[in-house]
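>>> predicted model, plus sequence, below.
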Amino acid sequence: MKKINNQSLTIIGGSGFIGKSIIDSFNKGLLKKYFIENINIICRQPFRFKKKNNNLYKLNIFYSNIRTLKKLPKSDLYIYAAESTNVNFYNKKNNKKNINHHKESIKNFVNLVSKYNNSKVLYVSSGSVNHKKYTKSSNSYKKLYAKLKIFSENQIKKLFKFKIKTSIARCYSFIGPHLPTNSHYAIGNFLYGAKYNNKIIIKKKNKVIRSYMYSDDMVEWLITILKNSKKKTTIYNVGSDESIELFDLAKKITQLFKDKVLISKEGSESKKVDKYVPIIRKTKNDLKLKILYNLSNSLKRCLKSI
């Protein structure tokens, strides 16, 4: 039997939800089965990162902006998760600057990592690439968000000529201890509102359907996809297929508080259906992956950390 040596992992964008979740899993010993011995983190604000996350495992943390970085730490495995997950990020007045930074960053990463031709690379993309409501959207910044993700995916595919094994994870919606509770994530806002304000505010009155994968499952899926990277880029969807309408999600959360939480609806009525749920059959079948935490368990676990 071939001996498997311990490996190192470098995360570009380690201060985001995905990066922190991977670090948590590493700290809990959940990555031992993947033989990952140490982790390097590249982020723009390492001191702030350490201050806010002093309970995380001691890591090799490098200060740098990937757009201007001159050299990557040498690793066996790389995860690129440095891009904003907020569609509205590209709706700002300075979006031209943000677009340029997005493109320059992924191009610089590809250039730097191409020097390590025995490595494996995972690019964290978005499920928006799969959905016409983004790629064909009349909303300019939603369409732009999807187009930039496709741009980055195409940059990653160029690593084929350097004999680097690559994969792409098209990620959907997640829940876990590092979930933002004051941003564009409805589930984070719902949980925070229920726990601290006894009120959940739903800002959309149309039918919104989502699904949420717990962070421990997410990490297992991402690392498995990374470890199974091929010379020809493989693409997999990552997320839960347990869908739920947003109003039902709010009701499910109130039940955790014995229905003592008020649900309030805002915004104008609409008959549009907004569904964002992945098809994960290929990911599960190809890689023999399972979802261990259903939505009810995920909500209970997440509430403890908010």
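Sure, I can see it.

>>> so Ser8 sits against Tyr78, correct?
No: when contacts are counted by C-beta atoms under 8 Å, Ser8 is not listed as touching Tyr78 (9.7 Å). (C-beta placed from N, C-alpha, C; glycine too.)

>>> so where's the protein uncertain?
For the chain, the stretches with pLDDT under 70 are 1-4, 45-58, 86-88, 90-94, 133, 135, 137-140, 205, 267-268.

>>> the strands in it, which residues?
Along the chain, counting by DSSP state E, strands occupy 7-12, 36-43, 60-63, 77-80, 120-126, 165-171, 174-175, 199-202, 207-210, 213-214, 234-238, 244-245, 262-265, 273-276.

>>> the more surrounded of Ser8 and Tyr78?
Counted by other C-beta atoms under 10 Å, Ser8 and Tyr78 do not tie: Tyr78 has more neighbours, with 27 against 17.

>>> list the buried residues in stretch 148-159.
Across stretch 148-159, burial judged by 16 or more other C-beta atoms under 10 Å covers Leu148, Lys149, Ser152, Glu153, Gln155, Ile156, Lys157, Leu159.

>>> out of the residues you listed, the closest to Asn297 would be?
Comparing the buried residues of stretch 148-159 against Asn297 with C-beta to C-beta picks out Lys149 as the nearest, at 29.9 Å.

>>> against Phe35, how distant is the closest one?
Going from Lys149 to Phe35 by C-beta to C-beta, to the nearest Å gives 30 Å.

>>> next: Ser298.
Taking C-beta to C-beta, one finds Ser298 at 27 Å from Phe35.

>>> repeat for Ser126
For Ser126 relative to Phe35 (C-beta to C-beta), the value is 29 Å.

>>> same check on Asn237?
Applying C-beta to C-beta to Asn237 and Phe35 gives a distance of 26 Å.

>>> also Pro73?
Taking C-beta to C-beta as the measure, Pro73 falls 18 Å from Phe35.

>>> now do Val113
Counting by C-beta to C-beta - Val113 and Phe35 are separated by 20 Å.

>>> the two: who's more crowded?
Higher neighbour count among Val113 and Phe35: Val113, with 22 against 12, using other C-beta under 10 Å.

>>> please report how far the more buried one lies from Lys74.
Distance, Val113 to Lys74, using C-beta to C-beta: 10 Å.

>>> so who does the closest residue to Asn118 other than its chain neighbours touch?
Of all residues not flanking Asn118 in the chain, Asp76 sits nearest, at 7.5 Å (C-beta to C-beta, 6 or more residues apart in numbering). Neighbour list for Asp76: Gln7, Ser8, Leu9, Asn118, Ser119, Lys120 [criterion: C-beta atoms under 8 Å, 6 or more residues apart in numbering].

>>> how many residues are close by the third one?
In this case it means Leu9. Using other C-beta under 10 Å: Leu9 sits among 23 other residues.

>>> from what I can see it touches Lys74, true?
No: applying C-beta under 8 Å as the test, Leu9 and Lys74 come out as separate, 11.7 Å apart.

>>> so Asn294 sits against Glu242, correct?
Yes: between Asn294 and Glu242 there is a contact under C-beta under 8 Å: 6.2 Å.

>>> how close does Asn95 sit to Lys107?
For Asn95, the distance to Lys107 - C-beta to C-beta - is 18 Å.

>>> please name the bridge partners of Leu9.
The partner list for Leu9 in beta bridges (DSSP bridges) reads Ile39, Leu77.
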